[in-house]
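> no sequence for this one, just the structure:
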């Protein structure tokens with residue numbers, strides 16, 4: 001039988017027949033579960049977590065490693081069904097390295113499968129796929145997004161009140177270096193991150209470590225995020241790469257900012273779209289927002305103006321750290337250079353983070369010349385898939401130049 005392999009981020013239509021989703025995991029004891037979500041991306045009640053202790057709910061059932069969804073029986077109030085596989089919490093130190101494999105079967109439809117790229121950052125839970133309504137039909141999207149929070153952390157982010165996982169003795173940590181005084185704690189506080197967004201706790205710790213290593217953990221900054229919304233970025237939005245990137249920037253803001261909120265500007269047409277992502281609403285937030293924005297041509301300069309205007313209107317006294325994701329060259333290079341030069345006296349630092357399939361030479365070479373005057377600008381190449389970059393290296397790339405700018 002011929003099987004069609006889905007790529008990460010790819011979606012296909014489903015018929016109304018029952019769909020069987022079988023998960024296989026190699027080299028790791030794991031549990032399979034499903035979450036029934038409303039239009040707000042959260043469960044209607046704790047019963048919407050379907051797993052071995054609650055094996056069926058509203059047409060969705062879990063039996064071992066198999067999820068079955070009778071789509072005709074799923075209530076209208078359920079907008080999405082998320083298939084999750086998590087490392088067994090009774091297996092200390094268990095993390096995913098090889099990605100789980102998903103087989104998708106429906107009577108009368110071709111067989112499909114999906115295997116996500118392998119994981120390298122200590123992921124303990126993986127969102128494999130989501131079934132979602134589009135118009136009056138159902139579709140399935142291959143997700144393959146890993147998190148280091150365990151099932152309890154992920155479920156909490158979706159609104160489920162779950163019991164804590166069994167305590168596991170933590171691995172011994174090396175004694176902290178004492179080459180400089182211990183700085184003040186994070187701005188928001190890791191306890192708040194753990195309470196509101198437990199899935200972000202591990203990256204927030206790594207972000208704070210990067211600040212400590214650079215001796216700026218006691219400094220504060222207003223963190224902004226600009227996202228390229230050119231058409232060439234569509235695949236990266238669909239594959240949740242942009243969502244995952246925004247989550248890591250939000251985790252950084254929890255160590256620098258004081259409110260757990262990051263203003264987000266979508267760089268598209270003449271009118272940039274500004275919203276925000278917070279610790280209490282970040283799950284799926286970028287996907288929800290970007291559908292409200294037309295695909296454009298990456299008008300970076302206009303988005304930069306919007307971010308600076310918001311910063312000035314906010315009355316913030318701390319410097320602004322504007323993380324600007326770029327996927328291709330700007331169409332008006334002279335205007336971008338002018339903005340960079342004019343914002344230096346305002347206490348604005350620009351970090352251009354490149355990922356995508358476009359050309360990025362303009363951003364890479366902003367400070368390549370010995371006569372460069374952009375003291376408030378740096379570039380970080382996050383590769384075509386920033387999610388594959390381990391947290392420690394990712395946050396070092398984000399904060400190193402910013403730290404040098406703060407110190408001088």
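Sure, I can see it. These numbers were taken from a predicted model, which means no experiment stands behind them.

> can you pull out the low-pLDDT segments for the stretch 101-250 of the chain?
For the stretch 101-250 of the chain, the stretches with pLDDT under 70 are 149-150, 153, 161-189.

> quick one: the strands in it, in order.
101-106, 111-115, 125-134, 137-147, 222-228 (DSSP state E, counting those that start in this stretch).

> quick one, what contacts residue 82?
For residue 82, the contact set (CB atoms under 8 Å, 6 or more residues apart in numbering) comprises 34-35, 37, 127, 129-130, 158. Where you see a C-beta, it was placed from the backbone N, CA and C, and this is true even at glycine.

> give me that answer again for 10 Å
Counting by CB atoms under 10 Å, 6 or more residues apart in numbering, residue 82 makes contact with 33-37, 41, 43, 67, 127-132, 143, 154, 158, 284.

> could you check the angle strand 137-147 makes with the helix or strand harbouring it?
In this assignment (DSSP states H and E), residue 82 forms part of strand 80-87. Angle, strand 80-87 to strand 137-147, by axes from the mean of the first three to the mean of the last three CA atoms, to 10 degrees: 30 degrees.

> most packed of the strands of the stretch 101-250 of the chain?
strand 222-228 (a mean of 26; mean count of other CB atoms under 10 Å).

> which neighbouring elements make contact with that strand?
Where contact means 3 or more CB pairs under 10 Å, 6 or more residues apart in numbering; DSSP states H and E, strand 222-228 is packed against helix 234-238, helix 241-256, strand 261-267, strand 273-278, helix 285-290, helix 300-314, strand 320-326, strand 348-354.

> could I get the buried residue list for the fifth one?
Of the residues in helix 285-290, those buried under the neighbour-count criterion (16 or more other CB atoms under 10 Å) are 285-286, 288-290.

> how far is that helix from where the chain is centred?
From the chain centre to the centre of helix 285-290 is a distance of 11 Å (CA atoms, centre = their mean, to the nearest Å).

> what does that helix contact?
With CB under 10 Å, 6+ apart, helix 285-290 has contacts from 39-41, 225, 227, 229, 233-234, 237-238, 240-247, 250, 264, 266, 268, 273-278, 281.

> ends of stretch 217-233, how far apart?
Taking CA to CA, to the nearest Å, the first and last residues of stretch 217-233 lie 33 Å apart.

> got it, and stretch 138-155?
One end of stretch 138-155 sits 23 Å from the other (CA to CA).

> okay, the helices and strands packed on strand 222-228 in CSV with distance to residue 334 next?
CSV is the format used below for these (distance: least, CB to CB, whole Å):
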stretch, distance to residue 334
helix 234-238, 27
helix 241-256, 28
strand 261-267, 17
strand 273-278, 24
helix 285-290, 28
helix 300-314, 9
strand 320-326, 16
strand 348-354, 16
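
> and residue 336, which of the ones you listed is closest to it?
Shortest distance between residue 336 and these, using CB to CB, is found for helix 300-314: 5.2 Å.
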